[in-house]
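**Q** Sharing a model prediction with you, sequence too.
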Amino acid sequence: MKIISGGVCAAKGFTAGSTRCGIKESREADDLAIILSECECTAAATYTLNRVKAAPIYVTMEHLEDGVARAIVANSGNANACAPDGMENALREAQAAAKFLGVEEDRVIVASTGVIGQRINIECIEENIGKVKLSANGSEAANQAIMTTDTKTKTAAIEFVVGGKVCHIGGICKGSGMIHPNMGTMLSFITTDCAITHEMLQDALSESVRRSYNRVTVDGDTSTNDMCVVLANGLAGNELIEWQNEDYEIFYRALHEVNVRLARQIAADGEGATKLIACEVNGARSEEAAERLAKAVCASSLVKAAMFGADANWGRVLCAMGYSKAPFRPEYVTVGFSSPAGRVVVCDHGHGLDFDEELAKKVLLENEVTITVDLYEGESSATCWGCDLTYDYVKINGDYRT
């Protein structure tokens, strides 16, 4: 595999673009994005597990019943969730995109992000969607158009070889707050020119999402609008992947690499965050137990606050593990903190160590910090990602709606 540029336009046959419709009057940046394949694609998706789902989720579910799609239309500025005329307006957004692109309405995926509970200004979308200029260099513009409280765009792309054919896969995503395992306020759009059936694409996406986006937590809130979609148009010309064979494994690794890279970027750009936190749990009895422990650590407000203050308060790590409901023996646990500034072990077999506080401070002041937990009980491991908890998180969310 090779890391490349291009985002959702890295794969053959995909274009993207954006425009400003004025969905949220105070927003000056573009707020509508479109991604288009020059031919029909096999498609797969995963959605939020929140019982309250936005109207675009239901429209997309219906449109993807046959596993085929051609385009994605996504807006920021309004989530179209729990909103007046929600379903009607989500359908109107799909219809507007279909008319503009010259494709069938049920081949359009719809996604929205923004404030919940307010009627979306669908009229301004219908009036301005024709201004979108699609190009093979439009990934960054589309990425910017779906941002809300994000401070930076998030993108990844990989080149890989399947059956002697060079294939590409790339994606963009947005997500900064209201993010907790089982996806968060995130939209992730991935495109590939690899030829693969809907069934294999869905299997690969579902497994990868479980081990990437679902291992991110920013603030403990699971959103109403989360969606991850993959479109595969087959233009790379490889033999169609129909079974979970060697070609499937190669494709899965490329897809998962893109998803992990995007997931890490989401965690690092958590609302008000100053650093990315990774928690690696090793030697667990099962992967499920390791994941549950790592999630609990990353989600702990006290751990996150300690990371913000660069305080090696390892007791908070064990505390979070203890209420995770995952099986482990506290007397076996070893905890360490590491970053580009070095590594410091702070707890050995359940007991605190006399460690270098100055070194620990330097380690925790870096932009990326890893909390390593060794359990010595099995062969399984898992890594989850989060961010620190800062004063700015409250400032951002205190008046988000107004």
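**A** Now that the structure is in, tell me what you want to look at.
**Q** I'd like the average pLDDT over stretch 250-269.
**A** Average pLDDT, stretch 250-269: 94.
**Q** Then stretch 125-132?
**A** Mean pLDDT, stretch 125-132: 98.
**Q** got a list of contacts for it?
**A** Applying CB atoms under 8 Å, 6 or more residues apart in numbering, the set of residues contacting stretch 125-132 from outside is 17-23, 32-34, 73, 75, 92-93, 96-97, 100. C-beta here means a position set from N, CA and C on the backbone, and glycine is covered the same way.
**Q** So which of those residues are in helices?
**A** Under the assignment DSSP state H, those contribute 92, 93, 96, 97, 100 to helices.
**Q** need the contact list for the first one.
**A** With contact set as CB under 8 Å, 6+ apart, residue 92 has these partners: 122, 125, 126.
**Q** With the second one instead?
**A** The neighbours of residue 93, taking CB under 8 Å, 6+ apart as the test, are 56, 73, 75, 80, 110, 112, 120, 122, 125.
**Q** what about the closest residue to it other than its chain neighbours, which SS state?
**A** Among residues not flanking residue 93 along the chain, residue 110 sits closest, at 5.3 Å (CB to CB, 6 or more residues apart in numbering). Following DSSP: H, G, I helix; E, B strand; the rest coil, residue 110 is assigned to strand.
**Q** next one: residue 302
**A** When classified by three-state DSSP, residue 302 comes out as helix.
**Q** again with the one 5 residues further on
**A** Counting by three-state DSSP, the backbone at residue 307 sits in helix.
**Q** hang on, isn't it packed against residue 370?
**A** No. Applying CB atoms under 8 Å, one finds residue 307 not in contact with residue 370, separated by 10.9 Å.
**Q** Among these two, which residue is more densely surrounded?
**A** Taking other CB atoms under 10 Å, residue 307 and residue 370 do not tie; residue 307 has more neighbours (28 against 18).
**Q** Pull up the gap between that one and residue 289, please.
**A** Using CB to CB, to the nearest Å, we find residue 307 at a distance of 23 Å from residue 289.
**Q** cool, and residue 239?
**A** Applying CB to CB to residue 239 and residue 289 gives a distance of 39 Å.
**Q** Now do the helices in the stretch 51-200 of the chain.
**A** Per DSSP state H, counting those that start in this stretch, the stretch 51-200 of the chain carries helices over the ranges 55-63, 86-101, 122-128, 139-145, 198-210.
**Q** Just send the ones you listed back as JSON lines, with distance to residue 281 too.
**A** Compiled in JSON lines, those are given as follows (distance: least, CB to CB, whole Å):
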{"stretch": "helix 55-63", "distance to residue 281": "32"}
{"stretch": "helix 86-101", "distance to residue 281": "40"}
{"stretch": "helix 122-128", "distance to residue 281": "44"}
{"stretch": "helix 139-145", "distance to residue 281": "32"}
{"stretch": "helix 198-210", "distance to residue 281": "16"}
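**Q** winner for burial among the ones you listed?
**A** Among the helices of the stretch 51-200 of the chain, ranked by average contacts under mean count of other CB atoms under 10 Å, first place goes to helix 139-145 (a mean of 24).
**Q** Now do that one: which elements does it pack against?
**A** strand 14-19, strand 32-47, strand 68-75, strand 154-162, strand 165-174 (3 or more CB pairs under 8 Å, 6 or more residues apart in numbering; DSSP states H and E).
**Q** Chain neighbours aside, what residue packs nearest to residue 121?
**A** Nearest residue to residue 121 in three dimensions, chain neighbours excluded: residue 23, at 5.3 Å (CB to CB, 6+ apart).
**Q** Next, give phi and psi for the one you found.
**A** phi -60, psi -40 (degrees, to the nearest 10).
**Q** so who does it touch?
**A** Contacts for residue 23 (CB under 8 Å, 6+ apart) come out as 31, 32, 75, 76, 77, 78, 114, 120, 121, 124, 125.
**Q** Present the residues you listed as JSON lines; the columns should include distance to residue 156.
**A** Shown next, in JSON lines, are the contacts of residue 23 (distance: CB to CB, whole Å):
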{"residue": "31", "distance to residue 156": "23"}
{"residue": "32", "distance to residue 156": "23"}
{"residue": "75", "distance to residue 156": "23"}
{"residue": "76", "distance to residue 156": "20"}
{"residue": "77", "distance to residue 156": "25"}
{"residue": "78", "distance to residue 156": "27"}
{"residue": "114", "distance to residue 156": "24"}
{"residue": "120", "distance to residue 156": "29"}
{"residue": "121", "distance to residue 156": "32"}
{"residue": "124", "distance to residue 156": "31"}
{"residue": "125", "distance to residue 156": "28"}
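**Q** What about those residues, which one has the most neighbours?
**A** residue 75 leads the contacts of residue 23 on contacts (other CB under 10 Å) with 30 neighbours.
**Q** and it, what is it in contact with?
**A** Residue 75 neighbours (CB under 8 Å, 6+ apart): 21, 23, 31-33, 93, 111-114, 120, 125, 145-146.
**Q** ditto for residue 240
**A** Residue 240 is in contact with 195, 196, 197, 234, counting by CB under 8 Å, 6+ apart.
**Q** quick check, nearest of these to residue 341?
**A** The closest of these to residue 341 turns out to be residue 196 (CB to CB; 42.3 Å).
**Q** Do I have it right that that closest one meets residue 251?
**A** Yes. Using CB under 8 Å, residue 196 is in contact with residue 251, at 6.2 Å.
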